[in-house]
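S.K.: got a predicted model here, sequence first, then my questions.
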Amino acid sequence: MGGKRKKTPPDASRSEEYKSSEQYKRIVRCLFSMVILSAEVIAYGYVWVNYYNQHMEIPYNRTGHWLMVAVYGLLLVIFNIIYGGFRVGYLRPWNLVYSQTLACICTNFMSYLLVTLLTKHFQNIRPLLVMTAAEFLVICIWSAAATRLYRVIYPQRRVLLVYGEHPVASLMGKMHTRSDRIKVCECVHISVGEEELERKISRYEGVVICDVPSHTRNMILKHCYGKSIRTYTTPKISDILLGSAEKLHMFDTPLLLSRNAGLTADQKFVKRLMDIVLSLAALVLLSPIFLMISIAVKMYDGGPVFYRQDRCTRDGKVFSICKFRSMVVDAEKDGHSIPATDGDPRITPVGRVIRACRMDELPQLFNILKGDMSIVGPRPERVEHVELYTKEIPEFPYRMKVKAGLTGYAQVYGKYNTTAYDKLKLDLMYIQNYSLIMDIGIILMTIKILFMKESTEGFGEEISKTNSHESMEKKL
């Protein structure tokens, strides 16, 4: 008889099982999405057929019903893609509920407008409100069940973290917040050597590559690609610049072309046109809110309604940004930048309300109309911050290749207290991959983050001290 069969190590066995099931992830997510879509479409079909269709001058027949249901389903898909409502397993259950609910509300609003156009009258909105409430309950049940089932099928991914000379405590802290998806089982320094790294990598389902030298990183990437092992890599600035490069095939050696000139003339024209149209429309529609906030700020302490401050925009140009005043008068008497902290006593009661949903930013619509800012772009930094960050991060001025924005890629996908270096990476991802569709997507995503606490939270006390003018000067 043959010799004994060599046993596969438990870690390696689990790794192989994970890789074999990985190919079905999209199908699993699609099935989960079809369940909730079907439930919502059936609910709308019932309301349409039994109520709104009865108010048509000429009620639709079966074909018309299918058309209305199809339009509703298409809108649901579009808004869920925008807000991430189908990202089962990626989002936490509460975030999945929030994304699905927001998509549902937007779809129902658009559907009501469509019904109004078809019936030529404003119809009773109560059936849609009842339907929305029922859909919310179904969404809550579906989100909890789908997430739980997904985690049973795809448990947390066990990964190896490879690091170099730079500290990884910050990244580790962020990854621990998503322990439901990724579990860092081991950290290893690159000094152990290539052979030992490859041995350790084979035991896990993924590898997190921190800021390590290019030679080592390339070796790990190629090894993992050959073994079909997933990698998570913190990008360098050069990676982001190359990521948007254009592929050229002028001869038998491929070239990557990076134009490095910011937006083209036609992109600037379209972007400016959108800024003018949307800022004018917003100023007209939000004028009652402007009036209420102005009265509230003035009545609280009698101080000025608006707060102005010098900020930097495209090409380092300095302009005066306009915001509703949310702090006490002379909150920065010494002239030094003091970032707001959670529970900051300088913030007025009115300020806490308008800052919570970012209404203090609304007067920047005047800056947009004037041309100092754009609706979408990197957030404008204070002049002194730009100078200090540039000393620490030489690439920081790269983000000023476009106009500063009221909202932006870093605001949607980052947090208020995201580090300057990480914000720079996010801003460069926007600049290098700019498109009108991306701008529209960011505007719609901004609606979602307005009510998410982590996107508006202030610096913690420790971070505030670190980023204050004096502390940064000492560090530099």
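M.R.: Ah, there it is. Residues are numbered from 1 along each chain as shown.

S.K.: just want the most central residue of this structure.
M.R.: By C-alpha atoms, centre = their mean, the chain has its centre lying nearest to Tyr413, at 2.6 Å.

S.K.: quick check: that residue touching Leu426?
M.R.: Yes: between Tyr413 and Leu426 a contact is recorded at 5.9 Å, counting by C-beta atoms under 8 Å. C-beta: built from backbone N, CA, C; applies to glycine.

S.K.: how long is stretch 399-409 end to end?
M.R.: By C-alpha to C-alpha, to the nearest Å, the extent of stretch 399-409 from end to end equals 12 Å.

S.K.: no no, stretch 314-329
M.R.: End to end - C-alpha to C-alpha - stretch 314-329 spans 30 Å.

S.K.: mean confidence score for that stretch?
M.R.: For stretch 314-329, the mean per-residue pLDDT is 90.

S.K.: please, where are all the strands along the stretch 101-250 of the chain?
M.R.: Remark: strands assigned in the stretch 101-250 of the chain by DSSP state E, counting those that start in this stretch are 157-163, 182-189, 206-209, 230-233, 246-248.

S.K.: how far away is the residue nearest to the centre of the chain from Val212?
M.R.: Noted for Tyr413: a distance of 24 Å to Val212, by C-beta to C-beta, to the nearest Å.

S.K.: and what of Lys236?
M.R.: On the measure of C-beta to C-beta, Lys236 and Val212 end up 10 Å apart.

S.K.: so which of the two has more stuff around it?
M.R.: Neighbours were counted for Lys236 and for Val212 using other C-beta atoms under 10 Å; Val212 has more, 20 against 14.

S.K.: what's the closest residue to that one other than its chain neighbours in contact with, if anything?
M.R.: Leaving aside its sequence neighbours, Val212 sits nearest to Gly164 (C-beta to C-beta, 6 or more residues apart in numbering; 4.0 Å). Going by C-beta atoms under 8 Å, 6 or more residues apart in numbering, Gly164 touches 189-190, 210-213, 216.

S.K.: report the buried members of the residues you listed.
M.R.: By neighbour count, with 16 or more other C-beta atoms under 10 Å, these hold 190, 210-212, 216 as buried.

S.K.: point out where this protein drops to low pLDDT.
M.R.: 1-22, 331, 333-342, 416-417, 453-476 (pLDDT under 70).

S.K.: ok, Ile347 touching Tyr300?
M.R.: No: using C-beta under 8 Å, Ile347 makes no contact with Tyr300, being 11.5 Å away.

S.K.: list the residues that contact both of the two?
M.R.: With C-beta under 8 Å, 6+ apart as the test, Ile347 and Tyr300 reach no residue in common.

S.K.: okay, those two: which has more neighbours?
M.R.: It is Ile347, of Ile347 and Tyr300, that has more neighbours when counted by other C-beta under 10 Å, with 20 against 14.

S.K.: that one bridge partners, please.
M.R.: On the basis of DSSP bridges, Ile347 is bridged to Met327.

S.K.: for the stretch 351-476 of the chain, what spans make up the strands?
M.R.: Going by DSSP E, counting those that start in this stretch, the stretch 351-476 of the chain shows strands at 373-376, 404-407.

S.K.: can I get those in JSON lines with mean neighbour count?
M.R.: Formatted as JSON lines, those follow (neighbours: other C-beta atoms under 10 Å):
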{"stretch": "strand 373-376", "mean neighbour count": "26"}
{"stretch": "strand 404-407", "mean neighbour count": "25"}
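
S.K.: mind putting the ones you listed into JSON lines with distance to Thr253?
M.R.: Output for the strands of the stretch 351-476 of the chain, formatted as JSON lines (distance: least, C-beta to C-beta, whole Å):
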{"stretch": "strand 373-376", "distance to Thr253": "37"}
{"stretch": "strand 404-407", "distance to Thr253": "39"}
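
S.K.: closest to Ser326 out of those strands?
M.R.: Closest of the strands of the stretch 351-476 of the chain to Ser326 is strand 404-407, at 16.0 Å (criterion: C-beta to C-beta).

S.K.: partner strands of that closest one, with direction?
M.R.: Going by DSSP bridges, the partners of strand 404-407 are strand 373-376 (parallel).

S.K.: gap between the strand it pairs with and the chain center?
M.R.: In terms of C-alpha atoms, centre = their mean, to the nearest Å, the centre of strand 373-376 is found 17 Å from the chain centre.

S.K.: give me the neighbour count for Glu195.
M.R.: Glu195: 8 neighbours (other C-beta under 10 Å).

S.K.: what's the answer for the one 10 residues further on, then?
M.R.: Other residues within reach of Glu205, judged by other C-beta under 10 Å, total 23.

S.K.: isn't it right up against Arg230?
M.R.: Yes: applying C-beta under 8 Å as the test, Glu205 and Arg230 come out as touching, 6.7 Å apart.

S.K.: what sits in contact with each of those two?
M.R.: Arg157.

S.K.: does Met56 touch Thr119 like I think?
M.R.: Yes: under the contact definition of C-beta under 8 Å, Met56 touches Thr119, with a separation of 5.8 Å.

S.K.: list the residues that contact the closest residue in space to Met359 that isn't next to it in sequence.
M.R.: Nearest residue to Met359, sequence neighbours excluded (C-beta to C-beta, 6+ apart): Ile293, at 6.2 Å. Contacts here follow C-beta under 8 Å, 6+ apart; on that basis Ile293 touches 305, 324, 350, 354, 359, 362.

S.K.: may I see the buried residues of stretch 127-141?
M.R.: 127-128, 131-132, 135, 138-140.

S.K.: okay if I get the residues you listed as TSV plus distance to Asp439?
M.R.: Shown next, in TSV, are the buried residues of stretch 127-141 (distance: C-beta to C-beta, whole Å):
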residue	distance to Asp439
Pro127	35
Leu128	30
Met131	32
Thr132	29
Glu135	29
Val138	33
Ile139	28
Cys140	32
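
S.K.: and which of those residues is nearest to Phe251?
M.R.: Nearest to Phe251 among the buried residues of stretch 127-141, with distances taken as C-beta to C-beta, is Ile139, at 54.7 Å.
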